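Visitor: pasting the sequence and the predicted model now:
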Amino acid sequence: MEQYLIDSYKTEHQTSITSISEDRQKITVKDTIIYPGGGGQPSDKAWVEADGQHYDITGFSRQNGQVVYHLSEPIPAETTTITEYIDFDYRFRNMRYHTLLHLVSGYLYNTYGALAKSSAIEADHARLEVQFPEDRVPENFDKEAFKATIDNLINQGLAVTSEEVDRTELSQEDLIRTYTSLIPESVRHVRLVKIEGLDEQACGGTHVSNTREIDQFEFTQLKNKGRLKKRIKMALN
């Protein structure tokens, strides 16, 4: 079970190993607080401890629908229990960026009907690409006014929550807005992340619980990518 989706602030977690590879450097676990990356959000920086030994998580892969954790050193074959740890400063930075991306894309959708086409969190910034409808392209996109609007939303302290819903309960607008069509039909339950009164998107990443936690940021780029598309880059202060 993905404990990081239940409590993104948890930094330590004891769990049991469900499988160990022949070289003893790859494991799967019963449940985890370690985010493996996806949807434009980087994986956590993390490590595990077992029987007094420290093992860095050096990578991730998937096998039979399960996340496989790659360890820096072989772990004893008889090990059954580990304690997971994450670098919370790094996790929290990504939580702030991820919620900021939702906030900006939610505002642009509500104001202009713009749809997010892609997003990513990089080492020193986050990137969002949006496409405006033919009849709602803003004539003058002023960076300072845009920044003031997003700052105001951040300072309102909007609650950020999540819930799991059956995909059949989503409306046609939800399907467009959340790109549920990209999620395999076999996935019947969808996790929706909501920003109070502003945004609702299907998402499997980690977020802050209140927009005030995003704190200060700057728009570092507002670039036209054709008449309808715009690339937006933002950096946390």
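Guide: Yes, it's here. Here the structure is a predicted model, which means the values were calculated and not measured.
Visitor: what does the helix or strand harbouring residue 119 contact?
Guide: Following DSSP states H and E, one finds residue 119 within strand 115-121. The contact list for strand 115-121, computed with C-beta atoms under 8 Å, 6 or more residues apart in numbering, reads 40-42, 94, 97-98, 101, 105, 108-109, 126-131, 176-177, 229. Glycine gets a C-beta too; all of them are placed from N, C-alpha and C.
Visitor: go on, stretch 34-45?
Guide: 4, 46, 57, 60, 67, 69, 84, 86-87, 90-91, 94, 97-98, 101, 118-121, 203-206.
Visitor: what's in contact with the top strand by length along the chain?
Guide: Ordering each strand of the chain by length in residues (DSSP state E) puts strand 53-63 first. Outside strand 53-63, the residues that touch it by C-beta under 8 Å, 6+ apart are 26, 28, 34, 36-37, 43-49, 67-73, 75.
Visitor: among the residues you listed, which lie within strands?
Guide: Residues of the contacts of strand 53-63 located in strands (DSSP E): 26, 28, 46, 47, 48, 49, 67, 68, 69, 70, 71.
Visitor: what's the neighbour count on the first one?
Guide: The number of residues packed near residue 26 is 19, by other C-beta atoms under 10 Å.
Visitor: contact partners for it?
Guide: 20, 61, 68, 69, 70, 71 are the contacts of residue 26 under C-beta under 8 Å, 6+ apart.
Visitor: could you rerun that using 7 Å?
Guide: Residues in contact with residue 26 (C-beta atoms under 7 Å, 6 or more residues apart in numbering) are 68, 69, 70.
Visitor: could you dump those residues to TSV with neighbour count, distance to residue 162 and pLDDT?
Guide: Putting those into TSV (neighbours: other C-beta atoms under 10 Å; distance: C-beta to C-beta, whole Å; pLDDT from 0 to 100) gives the following:
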residue	neighbour count	distance to residue 162	pLDDT
68	17	25	97
69	24	24	98
70	15	28	98
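Visitor: of those residues, closest to residue 152?
Guide: Distance ranking of the contacts of residue 26 against residue 152, using C-beta to C-beta, places residue 69 first at 41.1 Å.
Visitor: surely the closest one and residue 27 touch.
Guide: Yes. Using C-beta atoms under 7 Å, residue 69 is in contact with residue 27, at 5.3 Å.
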